[in-house]
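Enquirer: Got a predicted structure plus its sequence, pasted below:
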Amino acid sequence: MQGLMTRGFRACGSIVASLALPGAAMACSPGSVRGLFEYDGQTQIILDVEAAMARAQARHGVIPQEAADDITSKASVEFVPEESFDARYDIVQHRMVALLDVWRETLNPMGDQYVHYGATTVDIYGTATMLQVDRAIEMLDSCLAENIAAMTQLAQDHSQTPMIGRTLGQHAQPITFGKKVSGWISEYVRHRQRLAELRARVRRSAILKGAVGNYSGLGDKAIAVEASFAAELGFDPPYAADWNGTRDVLAEYGLVLGLIARSHERIGQEVFLLMGTDIGEVSEGQDDGVVGSSSMPHKRNPQVPERLIHAGRTIPRLAEVLGDDVVNFFERDNTSRPARVVEEISIESVSTARALTGLLAGLEVDSAQMLENIQKTRGFALSQQIAFALADHMPRVEAEALVKEVIEAAYTNDVPFIDALLADPRVTRHLDAGALEGLIDPANIEAPAIEQVWRVIAETGETGAEQ
């Protein structure tokens, strides 16, 4: 069995209390997200949804207050033990019925009479899923904030660490490692913004509209009850339309998580490549005792980068399943059974983001190797600087053509760029040896390049959200 039938995690008190605090600070915890989908965690959420509905109905006189009080007082997973639920499910083969049958044994006659009053299972489980998604978004946002904090530290530490910039796999021009990381920072800030925008839609997705979404069976006060129901759960006023026939918000959840996973994959792949023996500019931090290879003791294989690459391939596939669920049959359809996919994509997304933080926080940067790699082209990577300097003394097109001739001469004679420059009187007529050496020194980083890194850090701020 799935969802309610999985095991583990013992919830303490009402989960909904924490769901109602969107601004609450927390640490990135894959275990906490996993707990939302295990038996005790998910059952507690469903009981909280049922209790919220009862209180909302009592507020508008649909059911007696006494019934709502009894239902609320017994809305705890301890009154629906997993063993009892399993035994009942084996008989009825319906999750909601099995839960209600066990729970009703603890309710007084009034609570028993009005529990799940006028409700449909789809509304209860749909709302429960949105509560799980809301909490998972909150947790993932915390994970992204930790990603950004680790990136910010790297950018600060290496704002002036020269490395070669590569385009199409070739050496292009020097950049700084801080500049590279600053690009990651802004990307993850945008991911947090996407999550915030998505979460606003999730928090309007509590639903209490009946079997076909037209409030049938819920009484004349159904719309007011639904609004109070959402408020009881700490959610915003619900959408007027029935979303059970569309589920685009769940699809968007998958798409945003898929996009974040792609960013994880790209960073993991870049670290993977930079760790390669032939580049060797960074290394993944590894604890003592970690084995890189079972047969080759010298190897220090990338572990987290490989995991990030894998997640970038699998999480978007899960997102496709949620996207497929937008296309379903008429008003209600459960052929896709998206709950399990929501569970898997939520847990894996938080776990992967946590792994990225660990990778970045322990990343070892070899600045000497970065500098050595810049020099593999013997100064050619700074050719643009020479062309710009010569353009102060001749037309730009002529300056660029001259530098290209000097590079060809350097290749032909197999000499460093500086030697070829000094050997050409057309160059030395305008630039002496000191000027030329300064122009092709990768340590001479232009001020705007360094400023760019610090602007990104300043814009991000302590919370990881652009000001």
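Expert: Done, it's in.
Enquirer: Low-confidence bits of the stretch 301-450 of the chain, can you list those?
Expert: 335-336 (pLDDT under 70).
Enquirer: which residues in it form strands?
Expert: 364-365 (DSSP state E, counting those that start in this stretch).
Enquirer: hey, which helix is longest across this structure?
Expert: When the chain is scanned for its longest helix (criterion: DSSP state H), the result is helix 121-157.
Enquirer: Give me the mean pLDDT for that helix.
Expert: Averaging pLDDT along helix 121-157 yields 96.
Enquirer: Does anything pack onto it? Which helices or strands?
Expert: helix 16-19, helix 30-37, helix 39-59, helix 95-104, helix 177-202, helix 248-274, helix 339-361, helix 447-460 (3 or more CB pairs under 8 Å, 6 or more residues apart in numbering; DSSP states H and E). Backbone N, C-alpha and C define where each C-beta goes, glycine included.
Enquirer: Which stretch among these approaches residue 316 most closely?
Expert: Shortest separation from residue 316 across the helices and strands packed on helix 121-157 is recorded for helix 248-274, at 3.8 Å, computed as CB to CB.
Enquirer: and the closest one, which residues are buried?
Expert: Of the residues in helix 248-274, 249-261, 263-265, 267-274 count as buried by neighbour count, 16 or more other CB atoms under 10 Å.
Enquirer: swap in stretch 352-368?
Expert: 352-357, 359-360, 363, 365-367.
Enquirer: From the rest of the structure, what touches that stretch?
Expert: 28-30, 140, 143-144, 146-147, 149-151, 153-154, 157-158, 161-162, 177, 260-261, 264, 267-268, 271, 280-286, 304-305, 307-308, 311, 315 (CB atoms under 8 Å, 6 or more residues apart in numbering).
Enquirer: sorry, back to before: mind giving me a markdown table with the helices and strands packed on helix 121-157 and columns for distance to residue 373?
Expert: As requested, the helices and strands packed on helix 121-157 are exported to a markdown table (distance: least, CB to CB, whole Å):
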| stretch | distance to residue 373 |
| --- | --- |
| helix 16-19 | 48 |
| helix 30-37 | 36 |
| helix 39-59 | 49 |
| helix 95-104 | 58 |
| helix 177-202 | 12 |
| helix 248-274 | 10 |
| helix 339-361 | 21 |
| helix 447-460 | 18 |
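Enquirer: hey, which of those is tucked in deepest?
Expert: Here the criterion is mean neighbour count by mean count of other CB atoms under 10 Å, and of the helices and strands packed on helix 121-157 the winner is helix 39-59, at a mean of 25.
Enquirer: That one versus helix 339-361: what angle between them?
Expert: 120 degrees (axes from the mean of the first three to the mean of the last three CA atoms, to 10 degrees).
Enquirer: and the angle for helix 39-59 with helix 30-37?
Expert: Using the same axes, to 10 degrees: helix 39-59 against helix 30-37 is 60 degrees.
Enquirer: Outline the domain layout of this structure.
Expert: As recorded under automatic domain parsing, the domains making up the chain are 1-119, 121-205+243-366, 372-457.
Enquirer: of all those domains, which lies closest to residue 227?
Expert: Short answer: domain 1-119, nearest of these by CB to CB, at 8.1 Å.
Enquirer: so how far is the closest one off the chain centroid?
Expert: Remark: domain 1-119 is offset 29 Å from the chain centroid, using CA atoms, centre = their mean, to the nearest Å.
Enquirer: How about stretch 178-190?
Expert: That offset, for stretch 178-190, works out to 14 Å (CA atoms, centre = their mean).
Enquirer: and that stretch, average pLDDT?
Expert: pLDDT averaged over stretch 178-190 gives 97.
Enquirer: same thing with stretch 57-71?
Expert: pLDDT averaged over stretch 57-71 gives 97.
Enquirer: Could you pull out the buried residues of that stretch?
Expert: Buried residues in stretch 57-71 (16+ other CB under 10 Å): 57-60, 62-64, 67-71.
Enquirer: With residue 343 as the reference, measure out to the spatially most central residue of the chain.
Expert: In the chain, the centroid-proximal residue (CA atoms, centre = their mean) is residue 260; its distance is 4.5 Å. According to CB to CB, to the nearest Å, residue 260 and residue 343 sit 17 Å apart.
Enquirer: Ok, residue 256 next?
Expert: Counting by CB to CB - residue 256 and residue 343 are separated by 17 Å.
Enquirer: And for residue 419, the neighbour number?
Expert: Per other CB atoms under 10 Å, the neighbour tally for residue 419 reads 13.
Enquirer: how far away is it from residue 137?
Expert: If you go by CB to CB, the gap between residue 419 and residue 137 works out to 59 Å.
Enquirer: Which parts of the stretch 351-467 of the chain are helices?
Expert: 367-374, 383-390, 396-413, 417-422, 425-428, 433-439, 447-460 (DSSP state H, counting those that start in this stretch).
Enquirer: Can you say which of these is nearest to residue 185?
Expert: Nearest of the helices of the stretch 351-467 of the chain (CB to CB): helix 447-460, 5.4 Å.
Enquirer: Tell me how far the closest one lies from the chain's centre.
Expert: Centre-to-centre, helix 447-460 and its host chain are 24 Å apart (CA atoms, centre = their mean).
Enquirer: what's the farthest-apart pair in the buried residues of stretch 57-71?
Expert: Farthest pair in the buried residues of stretch 57-71, by CB to CB: 60 and 70, 17.9 Å.
Enquirer: re the thing from before, redo the domains of the chain as TSV? Include distance to residue 212.
Expert: Below are the domains of the chain laid out as TSV (distance: least, CB to CB, whole Å):
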stretch	distance to residue 212
domain 1-119	14
domain 121-205+243-366	5
domain 372-457	50
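Enquirer: between those, which gets nearest to residue 211?
Expert: Counting by CB to CB, and looking across all of those, nearest comes domain 121-205+243-366 at 7.2 Å.
Enquirer: chain center to that closest one, what's the gap?
Expert: Using CA atoms, centre = their mean, the offset of domain 121-205+243-366 from its chain centre is 5 Å.
Enquirer: circling back to that earlier point, give the next helix or strand downstream of the longest helix of the chain.
Expert: Using DSSP states H and E, the helix or strand that follows helix 121-157 in sequence is strand 162-167.
Enquirer: Okay, buried residues for that next one please.
Expert: 162-164, 166.
Enquirer: average model confidence for it?
Expert: On average, strand 162-167 scores 94.
Enquirer: contacts for stretch 150-163?
Expert: For stretch 150-163, contacts defined as CB under 8 Å, 6+ apart pick out 174-182, 184-185, 188, 281, 356-357, 360-361, 363, 365, 367, 370-371, 373-374, 442-443, 445, 450, 453-454, 456-457, 460.
Enquirer: in that stretch, what's buried?
Expert: Result for stretch 150-163 [16+ other CB under 10 Å]: buried residues 150-152, 154-155, 158-159, 161-163.
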